[in-house]
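S.K.: next come a sequence and a model predicted from it.
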Amino acid sequence: LVVQDYGGPVGFRMAMAHPERLQALIIQNAVAHDSGLGLVWQTRRAFWADRRAHEAALRENFLSPDATRARHLGNDPAIDRYDPDLWTDELTFLNRPGQADIQLELFYDYRTNVASYPTWQRWLRRTQPRTLVLWGRYDASFRAQEADSYRADLPAAEIHLLDGGHFVMDTCADETAQRVRAFLTTEANGV
C-alpha cells in the first residue's frame with residue numbers, strides 16, 4: 001500500500017479494516033502524528049475550531065496562488081529544480097467552478113484524521129508492518145520530524161529523507177523509484 005498526503009488517512013483506514021491484505025506499507029509525506037504538522041496548520045486548526053470566522057484565512061492558507069506554489073516548493077533552497085506547471089496546473093484545477101467549496105469540505109473533515117492519529121499509532125506499534133518511509137525534507141506542510149515519529153513506532157522501518165518538497169516526486173522521481181524498487185524486491189525475495 002502506497003500512501004501520500006490525503007492518501008495517508010485513507011490508507012491507514014484501509015489497512016486497519018483489512019490488515020490481512022497488507023504486505024508492505026510505503027509512506028511518502030503522509031502524517032500520522034501531530035508532530036508532523038507544520039506551521040501552516042495553525043490557520044487550519046483555527047478553521048476547525050470556528051469554521052465561519054476562519055474560512056477566509058483558510059482559503060488564503062490553502063487555495064491561494066502563493067499557498068499552491070508553496071505546497072510544491074516548501075522551503076527547498078533549489079527552486080530552479082521545479083517545473084512551474086506543477087503549481088499552475090494545480091491552481092487551474094482548484095479554480096474550477098465549485099472546486100474551492102469541495103476542497104473546504106474535504107479539509108474541514110481532515111480534523112477527523114488528526115483525531116485518529118493515536119489509533120493509527122497504536123496500530124503501527126502493534127502490527128509492525130514492513131514499511132518504507134520516503135520524506136521530502138523541504139515539505140512546508142508536513143514537517144520532516146514526522147519521519148522520526150514513524151521511526152519511534154516502527155523501529156525496523158526503512159526511512160529516507162530526500163531533497164524534495166511535499167510532492168517528493170516533483171524533484172526526486174528517479175531516487176524514489178530506485179528506493180521503492182529495492183524495497184519491493186527485498187520484500188519479494190523474503191529478505
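M.R.: Ah, there it is. Please read these numbers as outputs of a predicted model, since none were measured by experiment.
S.K.: could you point out the longest helix of this protein?
M.R.: Across the chain, the longest stretch assigned as helix under DSSP state H is helix 169-188.
S.K.: how distant is that helix from the center of its chain?
M.R.: Distance of helix 169-188 from its chain centroid, counting by Cα atoms, centre = their mean, to the nearest Å, is 17 Å.
S.K.: who touches that helix?
M.R.: 2, 23-24, 26, 28, 72, 76, 78, 81-83, 86, 130, 132, 134, 136, 158, 160, 162-165, 168 (Cβ atoms under 8 Å, 6 or more residues apart in numbering). To be clear about C-beta, it is placed using only N, CA and C from the backbone, and glycine gets the same treatment.
S.K.: again, but for stretch 82-96
M.R.: So stretch 82-96 is in contact with 63, 65, 68-69, 71-73, 76, 99-100, 103, 165, 167, 170-171, going by Cβ under 8 Å, 6+ apart.
S.K.: quick one: which of those residues is most hemmed in?
M.R.: residue 165 (29 neighbours; other Cβ atoms under 10 Å).
S.K.: show me what contacts it?
M.R.: 71-74, 76, 82, 136, 138-140, 171.
S.K.: please enumerate the strands of this structure.
M.R.: Assigned by DSSP state E, the strands in the chain fall at 2-4, 25-28, 131-136, 158-162.
S.K.: partners of the shortest one, with directions?
M.R.: Meaning strand 2-4. Strand 2-4 has its sheet partners listed here by DSSP bridges as strand 25-28 (parallel).
S.K.: only alpha carbons, please: show the strand it pairs with as PDB.
M.R.: In PDB, the C-alpha atoms belonging to strand 25-28 read as follows (Å, rounded to 0.1, in the frame of the first residue of the first chain):
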ATOM      1  CA  LEU A  25       3.500   0.000   3.500                       C
ATOM      2  CA  ILE A  26       5.200   2.800   1.600                       C
ATOM      3  CA  ILE A  27       4.600   6.200   3.200                       C
ATOM      4  CA  GLN A  28       5.500   9.400   1.300                       C
END
